[in-house]
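Chemist: Sequence isn't available, so here's the structure alone:
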C-alpha cells in the first residue's frame, strides 16, 4: 500500500478513500457560495506564495481567505482537495488562453501566442506555479493531468492542420511540441527565471526549429 504521508494523510487509505480526499464535498450553487470557494482558492494561492508549503494548511488558508475553517471543510475535505481545485483553476485558465489563440490571423501567429500563454502561465505568479508543479508530482492527479495534456495536444493539432500539415504529421508532432514547451517552461520555473521575453524566445526557437518547413 502507498505510504499515506504521500497524500498528506495520517492513516493508510484505499484508492477510493484517496479519491474522496481529493474531491470537493460539494459544488457551490449560488453566487455567494461561489465567492466563498473563490476566496478559499485565492487564500490557498496566497499562503503558498507568501509562506510556502511548510505553512500550507486549512487553518492558514481559512485565515488568509477571511472565512472560517468550517467553511473550508464545507467544500473541501482535506487541504489536498483545496490544492487539486487550485491546480484545476490554474490549468483551466491556461487552457482557455491557449484555445483563444485560434483567433489569431495566421497559424504561425497562433502558435506563437500559445507559446506566450504557456510562458505567461508559469511566470505570472512564478512561486505559485513552481509549488503547484511540485504538488502535481506528489498527488495522485494522473487523470487530471492526462485530460489537460490531451486538450493541449488537440489545440496544437488543430493549429498544425491549419498550418498545412496532414493529419498523420499533426498527430505525431503535436505531443512532441507539448513536451518541448512544457519541459522548457517547467525547467525555467524550477530555476526561478523571471524574464518572460527571454524564455519565450528560447521556446519559439525550439518549437519552430522542430517544425517541418511545410508548416504555414
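Modeler: Thanks, I have it. What you see is a predicted model; the values in this text were computed from it and never measured.

Chemist: For this protein, give me the ranges with low pLDDT.
Modeler: Low-confidence regions of the chain, defined here as pLDDT under 70, cover residues 1-17, 19.

Chemist: burial of the residue nearest to residue 202 when sequence neighbours are not counted, as a residue count?
Modeler: Take residue 202 and drop its neighbours on the chain: the residue closest to it by Cβ to Cβ, 6 or more residues apart in numbering is residue 184, 6.5 Å away. All C-beta spots, glycine's among them, are computed from the backbone N, C-alpha and C. By other Cβ atoms under 10 Å, 21 other residues sit near residue 184.

Chemist: is it true that residue 184 touches residue 199?
Modeler: Yes - between residue 184 and residue 199 there is a contact at 7.4 Å, judged by Cβ atoms under 8 Å.

Chemist: wait, what's in contact with the residue nearest to residue 202?
Modeler: With contacts taken as Cβ atoms under 8 Å, 6 or more residues apart in numbering, residue 184 has the following neighbours: 199, 202, 203, 206.

Chemist: Turn the residues you listed into CSV, including distance to residue 54.
Modeler: Converted to CSV, the contacts of residue 184 look like this (distance: Cβ to Cβ, whole Å):
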residue, distance to residue 54
199, 28
202, 32
203, 32
206, 35
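
Chemist: Give the buried subset of those residues as a PyMOL selection command.
Modeler: In PyMOL, a selection of the buried entries from the contacts of residue 184 looks like this (16 or more other Cβ atoms under 10 Å):
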select buried, resi 199+202+203
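
Chemist: Now for residue 151: which residues touch it?
Modeler: Taking Cβ under 8 Å, 6+ apart as the contact definition, residue 151 lies against residue 95.

Chemist: Would you mind measuring from it to residue 188?
Modeler: 22 Å (Cβ to Cβ, to the nearest Å).

Chemist: where does the spatially most central residue of the chain fall, helix, sheet strand or coil?
Modeler: In the chain, the residue lying closest to the centroid (Cα atoms, centre = their mean) is residue 91, at 3.2 Å. Three states are possible here, and by DSSP: H, G, I helix; E, B strand; the rest coil the one that applies to residue 91 is helix.
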